[in-house]
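Peer 1: Next input, structure requested:
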Amino acid sequence: MKIGFVLDDRLDKPDGVQQYVQLVGSWLNSQGHEVHYLVGDSPRALQKNVHSLSKTINVRFNKNRMAMPLPASKKKIALLLKHEQFDVLHVQMPYSPLLAGRVVASAPTRTTVVGTFHILPHGNASSIGTKLLGVVLKNNKKRFDGFLSVSSAAQVFAKSHFGIESTVLPNVVDLQLFSKGIAIKKYNNKPNIVFLGRFVERKGAQFALDAYKQLLELYDAPLRLILCGDGPDKAKLTQRANAITHHHKDIVFTGFLKESEKSNYLATADIAVFPSTGGESFGIVLIEAMASGSKVVIGGDNSGYTTVLGDQPNTLVHPQDTDQFAQRLLLLLKDNKLAGQIHEQQQNLVKKYDITYVGPKIVAFYEKHLHNSAKKDVKNV
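Peer 2: Presented below is the predicted three-dimensional model:
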């Protein structure tokens, strides 16, 4: 099959949707399919099969920074689709009417169009905005042959905001790649609590610091907090850290990590913490931490992370409840038996998110709707 992934944003950002698109695309290529990327402005546009269709501008949405496409050329889109003759267009949702919407509207009848819902709105403004978007795209979405969601939470969002029924196929991880993570030797002299994520309010690094401060008063042995990432809140987080320890000697800021560095830091974690307050449709970073060998992975009690951790109540915390957060960390540091049980459960859990397990299900979804599209074409002859 010739498959085109459609994404309004840049392809080169280290965000969850881009990771999904690139990992699934890479796996499809390895299986003999031809994969293209129809995306917003991207430095990678000079690479083979990456088609940059629109300039983008940075905006704040869902308590995060993201790129929004400017109007894409309908002529450029039409020429590309005519030249490539895609079997499948796989659109990342929700999407803008200015790029992906124009691709969908221009798709030839022979091309099967499917979509995957990735995000959840965080707060009333984002919720209202996505509902309005659903109204704007009411006719456009009729061109789709099928829809996926990365979690049950995203599935509910698709139904409530867009009136769309979808099939849940989870986010994916390259288990073989992340399992190569090696714990960093210089940090093996004391237990490590590791946070990895963007330094924005929604991701909750500030709550990890607050819980760590309280934990230092409860735990009678040396500890270390490692904060991996970068973002607009870094200066505020550094000030917070300075208030906890002199020159934050037990708090490490790694800065931005390359993809190749992530697994080593996650493998170093006695507890990997992801205290996001919401806006998560899934928890790909939770899966990456498990795949890397973090001893215990815990996350904020939001609908997306519950998709992954819901069967392990000791791994969910209310990030803003500092007492509960600190007590949960204390429990997992002191109760080795419980921590070991959770680790074993999480190592088994992560297998069902491996690309080699989920990938064939995505292909089967394509093939099902290719067959249905072919039948529709016959009826229209």
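Peer 1: Quick one: the strands in the stretch 151-300 of the chain, in order.
Peer 2: 167-168, 192-196, 224-228, 251-255, 271-274, 296-300 (DSSP state E, counting those that start in this stretch).
Peer 1: Turn the ones you listed into TSV, including distance to Ser281.
Peer 2: No exception for glycine: its C-beta is placed from N, CA and C like everyone else's. Output for the strands of the stretch 151-300 of the chain, formatted as TSV (distance: least, Cβ to Cβ, whole Å):
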stretch	distance to Ser281
strand 167-168	11
strand 192-196	18
strand 224-228	22
strand 251-255	26
strand 271-274	14
strand 296-300	13
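Peer 1: Looking at those strands, spot the one closest to Val317.
Peer 2: Closest to Val317 of the strands of the stretch 151-300 of the chain is strand 296-300 (Cβ to Cβ; 6.0 Å).
Peer 1: Pull up the pairing partners for that closest one, direction included.
Peer 2: Using DSSP bridges, the strands paired with strand 296-300 are strand 271-274 (parallel), strand 316-317 (parallel).
Peer 1: Give me the distance between that strand and the centre of its chain.
Peer 2: In terms of Cα atoms, centre = their mean, to the nearest Å, the centre of strand 296-300 is set 15 Å apart from its chain centre.
Peer 1: if I look at Val297, how far off is Ala78?
Peer 2: 46 Å (Cβ to Cβ, to the nearest Å).
Peer 1: who's more crowded, the two?
Peer 2: Val297 (31 against 15; other Cβ atoms under 10 Å).
Peer 1: Would you mind confirming that Gly146 is in contact with Ala364?
Peer 2: No: using Cβ atoms under 8 Å, Gly146 is not in contact with Ala364, being 11.3 Å away.
Peer 1: More neighbours: which of those two?
Peer 2: Between Gly146 and Ala364, counted using other Cβ under 10 Å, Gly146 has the larger neighbour count: 17 against 11.
Peer 1: residues contacting that one?
Peer 2: 112, 114-115, 167, 365, 368-369, 372 (Cβ atoms under 8 Å, 6 or more residues apart in numbering).
Peer 1: same thing but at 7 Å, please
Peer 2: Gly146 makes contacts with 114, 365, 369, as judged by Cβ atoms under 7 Å, 6 or more residues apart in numbering.
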